[in-house]
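S.K.: Curious how this folds, go ahead:
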Amino acid sequence: MEALDLSRWQFGITTVYHFFFVPLSIGLAYLIACMQTMYVVKKDDKYKAMAQFWGKLFLLNFAVGVVTGIMQEFQFGMNWADYSRFVGAVFGGPLAVEALVSFFLESTFLGLWIFGWDRLSKKVHLACIWIVAIGATLSALWILSANSFMQEPVGYTIQNGRAEMTNFFALLGNTQLWVEFPHVIYGALATGSMFVTGISAYQILRKHRVDLFKASFTIGIVFALAASFMTAVAGHEQAQHLMKSQPMKMAASEALWNTTGDSAPWTVFARIDVKNQENKSQIEIPYALSILSYNKLTGSVPGMNQLQAEYEVKYGPGNYIPPVKTTFWSFRIMVAAGVLMILLSLLGTYAALRNRLEGYRHYLKWMIPAISLPFIANSAGWIMTEVGRQPWTVFGLHKTEVGVSPLVSSSMVATSLIGFMLVYGILAVVFVYLIVHFVRKGVEEEGHGLHDRDEREETMATLL
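M.R.: A predicted model of the protein is given here:
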């Protein structure tokens, strides 16, 4: 394989792996903050134990997320030097704010929260975890402002062959950012919620602190229902924006080779023949794509062949059709996982509010593997977002093939890719082992997790 292909694989692997941990950190932070708020308001130690138990798992996830984020940044400079030169003057501002303000805010107050139990007043200590959650959200905002520039560049000028920022507030006001950011945050809340409900279901099945984990499940499942539904709503708005900003990505996500008639059906399944640019067979839902694109039963959607001709006139000769099969199926995997989360959340909310959870043993068993659903949806969504933008790194401005480092050979990239995969494999084994260890240990009747010095020191030792 050439250096370009290997660099693409490395970017994809590092990005998807890192994004396993980011949404879980954001979602868990808000859930823990809500649990601790209930402790402060109700003065019930059950909620304190809940916040401390989930706090241990949050710390493990946060630590691995930081490590994987650093490694992802390293490969930008190593494999994508020309791309970094092109966007550096634009990305420098938001990424500096993310590191110096948002991440500093998040990590500082996380330290205060870890060691502040019974040292800070209850309200000040509670404020710490809320600031951690807000800091994590702001970090996502700054990162996504950079990604949104890649999808829909604004507030820039081209000087000496590279993009330079001319309007910082245009970057923050990017329409793409404000359809992408809510979708990511709602997805993060769904991730944290399904994580909490799945582990709570496991604890209920093993009859460990049932009172505590039933309450934990109820909080998680209500959040999961609201978050998964709002993720779908935000995703719908993002799809409509794609019709204006990146119609080629929209066409590829539907394997739509030619422009539709007055109404466009949504394709559930298709056997895609990329070579002949046709679908051998497909299952369609009439009018559904028009509804998805325009919120009405009529509305033509442009096809890839027609858009290819337009792009050749606008951008010059070249192939502007992204990998169709990957874009098409990643979208459907994301949608399927999202629908399953909504359905499971509906059933779980009904059971929890009717106080029938313990009688729904089969459902509780389903909720354990259902922890994977938001991770599958998040990964598939990012694959569609990044692969569907090809052949561009920055849409309409900079192609992927010219962004790769010119002096890095394929053997160099292969070596670093193997090294990354080994390190990531070790991190995954350690992470899963520690999560399982703390989940099986559960919540002790006396001395709840991070409140005890020995427990706190054990948790911090695993992170170091």
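
S.K.: Centroid-nearest residue for this structure?
M.R.: The centroid of the chain falls nearest to residue 378 when counting by C-alpha atoms, centre = their mean (4.5 Å).

S.K.: who's in contact with that residue?
M.R.: 19, 20, 23, 187, 191 (C-beta atoms under 8 Å, 6 or more residues apart in numbering). All C-beta spots, glycine's among them, are computed from the backbone N, C-alpha and C.

S.K.: Do you know the pLDDT at residue 446?
M.R.: For residue 446, the pLDDT comes out at 45.

S.K.: Just the buried residues of stretch 27-40, please?
M.R.: Across stretch 27-40, burial judged by 16 or more other C-beta atoms under 10 Å covers 27-36, 38-40.

S.K.: meant to ask about stretch 349-360
M.R.: Under the neighbour-count criterion of 16+ other C-beta under 10 Å, stretch 349-360 has 349, 351, 352, 357, 360 buried.

S.K.: Kindly report the same for stretch 362-376.
M.R.: If you call a residue buried by 16+ other C-beta under 10 Å, then stretch 362-376 has these buried ones: 363, 364, 366, 367, 370, 371, 373, 374, 375, 376.

S.K.: Next, residue 355: secondary structure please.
M.R.: Secondary structure, DSSP: H, G, I helix; E, B strand; the rest coil: residue 355 is coil.

S.K.: roughly how far apart are it and residue 330?
M.R.: Distance check for residue 355 against residue 330: by C-beta to C-beta, to the nearest Å, it reads 39 Å.

S.K.: Next, please give the residue ranges for the helices of the stretch 301-450 of the chain.
M.R.: 304-315, 324-353, 361-367, 372-387, 410-441 (DSSP state H, counting those that start in this stretch).

S.K.: ok, now the stretch 101-250 of the chain?
M.R.: 104-115, 122-151, 168-172, 175-205, 210-245, 247-253.

S.K.: Give me the mean pLDDT for the second one.
M.R.: What that stands for is helix 122-151. The model assigns helix 122-151 a mean pLDDT of 93.

S.K.: now swap in the third one and tell me
M.R.: Helix 168-172 comes out with an average pLDDT of 91.

S.K.: Could I get the buried residue list for that helix?
M.R.: Residues 171, 172 are the ones in helix 168-172 that count as buried (16+ other C-beta under 10 Å).

S.K.: and of the buried residues of stretch 27-40, the nearest to residue 382?
M.R.: Taking C-beta to C-beta as the measure, residue 27 is the one of these closest to residue 382, at 16.0 Å.

S.K.: Name the nearest residue to the closest one, sequence neighbours excluded.
M.R.: Leaving aside its chain neighbours, residue 27 sits nearest to residue 192 (2.1 Å; criterion: C-beta to C-beta, 6 or more residues apart in numbering).

S.K.: ditto for residue 402
M.R.: Using C-beta to C-beta, 6+ apart, the nearest residue to residue 402 is residue 82, at 6.1 Å.

S.K.: Same question for residue 157.
M.R.: residue 166 (5.0 Å).

S.K.: OK, contacts around that neighbour?
M.R.: 155, 156, 157.

S.K.: what residues are up against the closest residue in space to residue 253 that isn't next to it in sequence?
M.R.: Leaving aside its sequence neighbours, residue 253 sits nearest to residue 331 (C-beta to C-beta, 6+ apart; 4.4 Å). Residue 331 makes contacts with 253, 380, 384, as judged by C-beta under 8 Å, 6+ apart.

S.K.: among those, who's most crowded?
M.R.: residue 253 (25 neighbours; other C-beta atoms under 10 Å).

S.K.: From what I see, that residue and residue 385 are in contact.
M.R.: No: judged on C-beta atoms under 8 Å, residue 253 makes no contact with residue 385 at a distance of 10.1 Å.

S.K.: quick one on the thing from earlier: so which of the contacts of residue 166 are in strands?
M.R.: 156, 157 (DSSP state E).
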